[in-house]
Every structure is written in structure tokens, then in C-alpha cells.
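Peer 1: Based on what follows, work out the 3D shape:
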Amino acid sequence: GVEIDFLKADASDVEEKIKPNTKLILCESPGSILYEIIDLPKLCKIAHSHNIPVAIDNTYSSGYFLNPLELGVDISVIAATKYLSGHSDVTMGVVVINEKEWKNFDKLPEALGFTTSPDDAYLVLRGMRTLDVRMKAHEKSADEIVEFLQTRKEIKTIFYPKLKTHPNHEIFMRDHKGANGMVTIEFAEGYSKEDTIKFVDELEYFSIGASWGGYESLATVTTPPRTATDWSKRGPFVRFHIG
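Peer 2: I've put the predicted structure just below:
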């Protein structure tokens with residue numbers, strides 16, 4: 001079977017979690033709810049010293065704001081369903097692999113039957129042609145909304161990697177060229193989950209949705225789960241995707 005160990009969200013405990021049989025370190029940075037930031041060059045240095053490859057879910061940046069292979073990552077996985085497509089009309093994934101690890105994947109699609117239809121490939125190609133202007137628009141709109149949210153007393157915490165108050169903000173700004181349209185807020189004490197649901201229901205320009213990466217502005221009530229990180233009871237939270 002396959003054994004799995006969970007790291008802290010910032011992967012700061014990776015060295016102590018490595019075992020003799022560890023074959024892969026899989027991470028996501030930023031995370032997709034609270035946007036936790038991992039020091040990728042540091043993580044890769046530790047992993048490679050044990051001859052362990054590093055894979056990342058790079059959907060947040062979608063290859064536009066971050067090229068993780070330049071930082072030492074071996075395998076970059078992107079949900080093309082989201083920003084690469086950009087129109088919420090495709091289900092597709094992309095794996096970008098360095099030359100060293102490619103030999104382990106070369107025959108995998110053929111063996112497992114992983115194929116993409118020509119029409120889906122065309123739709124993602126079409127979306128990639130406007131990726132530059134769309135990502136800049138997502139970021140600009142998110143910046144403006146975050147600026148407004150900072151004035152609201154109802155909000156306790158804003159999770160947005162470009163904010164100087166965001167954990168590991170310096171690492172994010174060092175490695176990334178920008179931020180996408182994802183923003184999460186934590187309401188102040190005294191607000192219940194029911195209040196949060198009512199807030200989302202009454203939003204005029206945001207639809208309710210758990211996905212992101214398309215042209216739509218979406219909002220969803222969320223309670224970030226924690227498997228390996230100390231996490232006191234917090235919330236309620238709302239995650240926005242600024243379309």
C-alpha cells in the first residue's frame with residue numbers, strides 16, 4: 001500500500017517527517033483557502049538531499065505568476081479547468097515535468113488511458129491566449145476589493161498573500177510575480193456561521209460556488225480543515241474568487 005504523512009501547511013516540518021521509504025513530497029503553495037506559503041527552494045533543497053522529488057499543485061499561479069521548476073520543483077500539476085481555460089467549460093489537467101523525472105511519466109498516459117479530447121485541448125489553448133490579460137485583471141480587481149475590505153470592522157482577518165500581514169508574505173513576493181483573484185476573510189467575533197451564510201446569499205455580484213479560475217465572481221462559506229497543524233477554533237470564513 002501507500003503510506004501518507006501530512007506536513008504543516010508551510011512545510012516547515014518536512015525534515016522531521018522524511019522516512020527511509022519516502023518517495024515523493026507533494027505540496028500546494030499558496031494553499032487554496034488560506035493561501036499558506038511554502039519556501040519552495042528550501043523545501044526542494046531538503047528533499048533533493050534525500051533523493052526525493054518534489055511535486056506541487058501550481059493551479060493558484062497556473063504557470064503565469066510562478067514557474068516552480070525554476071525554483072527546484074520536479075513536477076508541477078495544474079488544473080487547466082481553472083485559469084488556463086478561464087471560462088468554466090472544461091475539465092482538464094496538466095502535468096509539467098523536468099527532464100530527470102520525465103522518464104517515470106513518459107508511458108503513463110498510454111498505459112492508463114489518460115487522454116484529452118481535441119475539443120478540450122482547443123478550448124484550453126483558446127483560454128491561454130488571453131491568460132495574460134485575465135490574470136492581470138483578476139489581480140487588479142482583487143487588490144481593489146482587499147483595499148475596501150480593510151476598512152470594514154466586521155472583518156477580523158483578510159487572507160491575501162500580497163498583504164504585508166500575510167504569513168510568509170516576503171517569500172511570496174520573492175517567488176511570485178503576482179496574486180490571482182482569491183481572497184478569504186474571517187469575520188470578527190460575534191458573527192455566526194448563519195450570519196455568514198446570509199451575507200453570501202445577499203451578495204449581488206457574486207454567485208455561490210466552490211470552484212474558481214473562471215470569469216465569474218464566486219463566494220463560498222468555508223471552514224478550513226486542519227490535519228497536521230495546530231488550529232484553534234476560528235471563523236466563520238468566506239472565500240471569494242474575484243472574477
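Peer 1: Contacts only, for residue 185.
Peer 2: 149, 155, 157, 158, 159, 237, 238, 240 (Cβ atoms under 8 Å, 6 or more residues apart in numbering). Placement of C-beta: from N, CA and C, glycine included.
Peer 1: Okay, and which of the residues you listed map to helices?
Peer 2: Using DSSP state H, the members of the contacts of residue 185 that fall in helices are residue 149.
Peer 1: Residue 59 against residue 83, yeah?
Peer 2: Yes. Residue 59 is within contact range of residue 83, at 7.4 Å (criterion: Cβ atoms under 8 Å).
Peer 1: Any stretches of this protein with poor pLDDT?
Peer 2: Filtered on pLDDT under 70, the chain yields the residue ranges 225-233.
Peer 1: Show me the strands in it, by range?
Peer 2: Per DSSP state E, the chain carries strands over the ranges 25-28, 54-57, 75-79, 93-97, 155-159, 182-187, 207-208, 218-222, 237-241.
Peer 1: can you list the domain ranges for this protein.
Peer 2: For the chain, the structural domains run 14-128, 131-241, going by automatic domain parsing.
Peer 1: Quick check, residue 157 in contact with residue 186.
Peer 2: Yes. Using Cβ under 8 Å, residue 157 is in contact with residue 186, at 4.1 Å.
Peer 1: These two: which has the busier surroundings?
Peer 2: More crowded of residue 157 and residue 186, by other Cβ atoms under 10 Å: residue 186, with 19 against 16.
Peer 1: about what we covered before: how about the domains of the chain, which one is nearest residue 2?
Peer 2: Between residue 2 and the domains of the chain, the shortest separation by Cβ to Cβ is 8.9 Å, and it involves domain 14-128.
Peer 1: From the opening residue of the closest one to its closing one, how far?
Peer 2: End-to-end distance of domain 14-128: 34 Å, with Cα to Cα, to the nearest Å as the criterion.
Peer 1: Overlap in contacts, residue 59 and residue 83.
Peer 2: residue 213.
Peer 1: so which of the strands of the chain comes closest to residue 64?
Peer 2: The stretch from those with the least distance to residue 64 (Cβ to Cβ) is strand 75-79; that distance is 10.0 Å.
Peer 1: any idea of the angle that closest one forms with strand 93-97?
Peer 2: 160 degrees (axes from the mean of the first three to the mean of the last three Cα atoms, to 10 degrees).
Peer 1: partners of strand 75-79 in the sheet?
Peer 2: strand 54-57 (parallel), strand 93-97 (antiparallel) (DSSP bridges).
Peer 1: Can you add mean neighbour count and distance to residue 206 and give those strands back as TSV?
Peer 2: Converted to TSV, the strands paired with strand 75-79 look like this (neighbours: other Cβ atoms under 10 Å; distance: least, Cβ to Cβ, whole Å):
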stretch	mean neighbour count	distance to residue 206
strand 54-57	22	24
strand 93-97	16	26
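Peer 1: Of those strands, give the one that comes closest to residue 42.
Peer 2: Shortest distance between residue 42 and these, using Cβ to Cβ, is found for strand 54-57: 10.9 Å.
Peer 1: Serialize the domains of the chain to CSV and add fields for distance to residue 1.
Peer 2: Converted to CSV, the domains of the chain look like this (distance: least, Cβ to Cβ, whole Å):
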stretch, distance to residue 1
domain 14-128, 11
domain 131-241, 19
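Peer 1: how about these, which one is nearest residue 3?
Peer 2: Proximity to residue 3 (Cβ to Cβ) singles out domain 14-128 among the domains of the chain, at 7.0 Å.
Peer 1: Walking through this structure, point out its helices one by one.
Peer 2: For the chain, the helices defined by DSSP H occupy 14-17, 40-49, 99-102, 108-112, 118-128, 131-149, 169-175, 193-201.
Peer 1: re earlier: I'd like to know which of the strands paired with strand 75-79 is closest to residue 220.
Peer 2: When the strands paired with strand 75-79 are compared by Cβ to Cβ, strand 54-57 sits nearest residue 220, at 18.7 Å.
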